[in-house]
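Visitor: A structural model of the following input is requested.
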Amino acid sequence: MNYCYKNVNFRAIATFSLLLFTALLSAQKKQKPLNVIFMIGDGMGVSQVTSAFYFGNSEPNFTQFKIVGLSETSSTSNLITDSAAGATALSTGKKTYKRAIGVDKDSIAIPTILEQLQKNDYQTGLVSLTSITHATPASYYAHVKDRDLHEDIALEFLKSDVDFAAGGGLKFFNKRKDGKNLLSELNKKYRIDTVSLSKPISGKKNLYLLAQDELPNKVQGRGDFLPEATQAALDYFARNNKPFFLMVEGSFIDWGGHAKDPEMMTKEVLDFDKTIGVVINYIKKNPNTLLVVTADHETGGASIGKYSEKDAVTGKEKEIGNKVQVNFIDNQHTAALVPVFAMGKGQELFSGVYPNNTIYHKLVEALKKSGIKIK
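Guide: Below is the predicted model:
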């Protein structure tokens, strides 16, 4: 009797294990491909993030992240990188030389994650405050030796097949030195808007070129373009039953550092944080999404220090205890580590300290877990 009991028990366990294995395989087959939203605060180091805690009117959206890492940003040619090499490392998984766009240290074109996901039937999008041909967005679809080759980069956009793009750079498409008007060619597959951020049209690719070069910064009165364009992209992708990859750049955090302008820098960080809030709201409704927020480098050697005013009676500098101010070392990029924030499916992969090109490989691993193989 005891032998029979053990035999029956073994068969029951084996049957249960087989059923569980089959269910897991079935669930794996049915799981949806992962949506990826990748946000780059250009020039955003730890101090820039810190400024959101002291210069805003509410708790920053940065506080909603539970997974945080640090990234080292050097290029192959210089310990202090630029946006081109920094963004290329993020988009391709390979470090390269300063000024390189989508090419390796030998100037050989390398595939970007945007291009690789297009081959996996992903929708793709780019949102930037600068020209869509500028270093950071260009590093996701173009392959040129130098970041200043804007007209060559515009030609690369022509064949990029990006579904949604919003930013500036109109002159590189229709006021070119070679006399070509690329808008006439783009009109064949894009709805192009050069006036306003109008509602995107379904069933067609959408391109917004809303400035001759870069858009205005926040101090100049840009308004809510960045959060609104990001929301428009998410709404556009949601209409199609397909996964997507979206890169969003907060471009002028960097420009605030270059200008050593505390007001510009802090307003741009707050605008970027507001845009993060838009994406977090999307993730809460669409949990099959991974958000990664990082920077290509830090700009200005910013720090958040004490605020002093001259005492009206004594004439001496007196620290004001409930205020802080932004200080800059200089107006250039630095080698400071930059933060990495992650939220959503696969977020656990992004804790730790690692080189910037590693972020690409972590994205690939997260995609692999959802059934997407990057080649």
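
Visitor: Going by neighbour count, list what's buried in stretch 297-307.
Guide: For stretch 297-307, a neighbour-count test (16 or more other CB atoms under 10 Å) marks 297-302, 304 as buried. All C-beta atoms are positioned from the backbone trio N, CA, C, and that covers glycine.

Visitor: Among the residues you listed, which are located in helices?
Guide: The helices, defined by DSSP state H, take in nothing from the buried residues of stretch 297-307.

Visitor: Can you tell me which of those residues is nearest Glu365?
Guide: Of all those, the one with the least separation from Glu365 (CB to CB) is His297, at 24.0 Å.

Visitor: follow-up on the earlier one: quick one: which of the buried residues of stretch 297-307 is nearest to Glu59?
Guide: Using CB to CB, Ile304 comes nearest to Glu59 of the buried residues of stretch 297-307, at 16.7 Å.

Visitor: buried set for stretch 346-359?
Guide: Residues of stretch 346-359 classed as buried: 346-347, 349-350, 354, 356-359 (neighbour count, 16+ other CB under 10 Å).

Visitor: now, the most widely separated pair of the buried residues of stretch 297-307?
Guide: Using CB to CB, the two most remote members of those are His297 and Ile304, lying 18.5 Å apart.

Visitor: what are the ranges of the helices in the stretch 51-200 of the chain?
Guide: Along the stretch 51-200 of the chain, the segments classed as helices by DSSP state H, counting those that start in this stretch run 83-92, 113-118, 135-138, 150-158, 171-174, 182-186.

Visitor: Any idea how far the third one is from the middle of the chain?
Guide: Okay, so that is helix 135-138. Centroid separation for helix 135-138 versus its chain: 11 Å, with CA atoms, centre = their mean, to the nearest Å.

Visitor: Then the second one?
Guide: Using CA atoms, centre = their mean, we find the averaged C-alpha position of helix 113-118 to lie 14 Å away from the chain's own average C-alpha position.

Visitor: other SSEs contacting it?
Guide: helix 83-92, strand 123-131, strand 244-250, helix 358-369 (3 or more CB pairs under 8 Å, 6 or more residues apart in numbering; DSSP states H and E).

Visitor: Please repeat the previous calculation with a cut-off of 10 Å.
Guide: Applying 3 or more CB pairs under 10 Å, 6 or more residues apart in numbering; DSSP states H and E, one finds that helix 113-118 contacts strand 35-41, helix 83-92, strand 123-131, strand 244-250, helix 358-369.

Visitor: Tell me which of the ones you listed is the most buried.
Guide: Stretch with highest mean neighbour count among the helices and strands packed on helix 113-118: helix 83-92 (a mean of 29; mean count of other CB atoms under 10 Å).

Visitor: could you give the mean pLDDT of that helix?
Guide: Averaged across helix 83-92, pLDDT comes to 98.

Visitor: just so I know, which of the helices and strands packed on helix 113-118 lies nearest Leu207?
Guide: Closest to Leu207 of those is strand 123-131 (CB to CB; 9.8 Å).

Visitor: Which strands border the closest one, and is each parallel or antiparallel?
Guide: When pairing is defined by DSSP bridges, strand 123-131 lines up against strand 164-168 (parallel), strand 244-250 (parallel).

Visitor: Go through this structure and flag its longest strand.
Guide: Ranked by residue count under DSSP state E, the longest strand found in the chain is strand 317-327.

Visitor: Partner strands of it, with direction?
Guide: Strands that pair with strand 317-327, judged by DSSP bridges, come out as strand 303-310 (antiparallel).

Visitor: Residues in contact with the partner strand: which ones?
Guide: With CB atoms under 10 Å, 6 or more residues apart in numbering as the test, strand 303-310 has contacts from 45-51, 53-55, 262, 266, 316-329.

Visitor: about what we covered before: out of the strands paired with strand 123-131, which gets nearest to Ile67?
Guide: Nearest of those (CB to CB): strand 244-250, 18.7 Å.

Visitor: now that closest one and helix 83-92, what's the angle there?
Guide: Orientation check (axes from the mean of the first three to the mean of the last three CA atoms, to 10 degrees): strand 244-250 against helix 83-92 gives 160 degrees.

Visitor: ok and strand 244-250 relative to helix 358-369, angle-wise?
Guide: 160 degrees.

Visitor: after the longest strand of the chain comes which helix or strand?
Guide: Next in sequence after strand 317-327, counting helices and strands by DSSP states H and E, comes strand 333-334.

Visitor: Name the strands paired with the next helix or strand after that next one and say parallel or antiparallel.
Guide: Once the chain leaves strand 333-334, the next helix or strand it forms, by DSSP H and E, is strand 338-344. According to DSSP bridges, strand 338-344 forms sheet pairs with strand 67-72 (antiparallel), strand 289-294 (antiparallel).

Visitor: Around the residue lying closest to Ala142 once chain neighbours are set aside, how many other residues sit close by?
Guide: Of all residues beyond its chain neighbours, the one nearest Ala142 is Glu156 (3.8 Å), with distances taken as CB to CB, 6 or more residues apart in numbering. When neighbours are counted by other CB atoms under 10 Å, Glu156 registers 18.

Visitor: isn't Glu156 right next to Thr112, touching?
Guide: No: at 11.0 Å, Glu156 does not count as touching Thr112 under the criterion of CB atoms under 10 Å.

Visitor: Need the overlap of contacts for these two.
Guide: With CB under 10 Å, 6+ apart, Glu156 and Thr112 have common neighbours 102, 141-143.
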